[in-house]
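Q: Test case, fold it:
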Amino acid sequence: MREIVGRSPKQTSVLWVPVGLGLFWTGYWTVQLARGDDRAPIIVAVVVAFVGLSVAVLLNGRTSLVLTDDELILERRHRPLRVERAAVRAVHGDVPDRPTWSEVVVVEHDSGSVRLPPIDVPPGTVIERLQRWADVGERPGTSAPPATVPRTSSPPTAHGVGDLPLGPDA
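A: Residues are numbered from 1 along each chain as shown. Next up is the predicted model:
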C-alpha cells in the first residue's frame, strides 16, 4: 500500500515576479558597475544573492506526506524523512484533544518528535488518519480513537426527528 495523504500547497506563478524584478535590477546595476559606479559591486552582490535564494526556494519542489504499510514518509527534495510505523508513539495537534482546531500536526516517535509542514489537507483530518494508521492516540500509550461517524444530511427538526413529515395530514 502507498497512500499520498497530502502535498504542500502549490506555489503560484506570482512568486516569480520578484525573481524577474531581481534580474532586471541585476542587469541595471551590472551596467552601472561597467560605468564605474562605486556602489554597484555591493548592490549587484546583494541582488544576485536575492535572486539565487528566490530561485532555490521556488525550485525546491513540493513536499508529500506518504503512508505505506510500515512507514510514514515525508518526501521532499532535501532530507526526506522516514518514520517506522512501530516507532510512532502519538499523533496530535497544537490544541490538546481538539484535532479539528489544530493548525499543525506533531508525530511523536521513539527518536523524538516531528512537526509536519502544512499540506493541502486540514490538520484535523491528517491527525485522525495518522492515529488510525499507527493505532495510537494523542498521548503516548493510548490507542486511536474510533472512526468518526458521518453525519446525516439533514439536521433534526424541532421534535428531534430528521426528515419525517410533521402534522396530521402528513
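Q: quick check: domain ranges of the chain?
A: 12-58, 83-134 (automatic domain parsing).
Q: and those, which is most packed in?
A: domain 83-134 (a mean of 17; mean count of other C-beta atoms under 10 Å). All C-beta spots, glycine's among them, are computed from the backbone N, C-alpha and C.
Q: ranges for the strands of this structure?
A: Assigned by DSSP state E, the chain shows strands spanning 2-7, 64-68, 71-75, 81-84, 88-93, 105-109, 112-116.
Q: And the contacts of the second one?
A: Here strand 64-68 makes contact (C-beta atoms under 8 Å, 6 or more residues apart in numbering) with 1-8, 72-76, 116, 119, 126, 129-130, 133.
Q: Ok, the last one next?
A: Contacts of strand 112-116 from elsewhere in the structure, counted by C-beta under 8 Å, 6+ apart, are 65, 74, 81, 83, 104-107, 126.
Q: which residues of the protein score low on pLDDT?
A: Within the chain, the stretches with pLDDT under 70 are 141-170.
Q: quick one, phi psi at the residue nearest to the spatial centre of it?
A: Taking C-alpha atoms, centre = their mean, the centroid of the chain lies closest to Pro118, which sits 1.8 Å from it. Backbone torsions of Pro118, given as degrees, to the nearest 10, read phi -60, psi 140.
Q: I figured it hits Pro9, correct?
A: Yes: contact criterion C-beta atoms under 8 Å: Pro118 and Pro9 qualify, at 6.8 Å.
Q: tell me the contacts of the closest residue in space to Arg139 that isn't next to it in sequence?
A: When the adjacent residues along the chain are set aside, Arg139 lies closest to Ala90, with 5.5 Å between them (C-beta to C-beta, 6 or more residues apart in numbering). Counting by C-beta under 8 Å, 6+ apart, Ala90 makes contact with 107-108, 136-140, 142.
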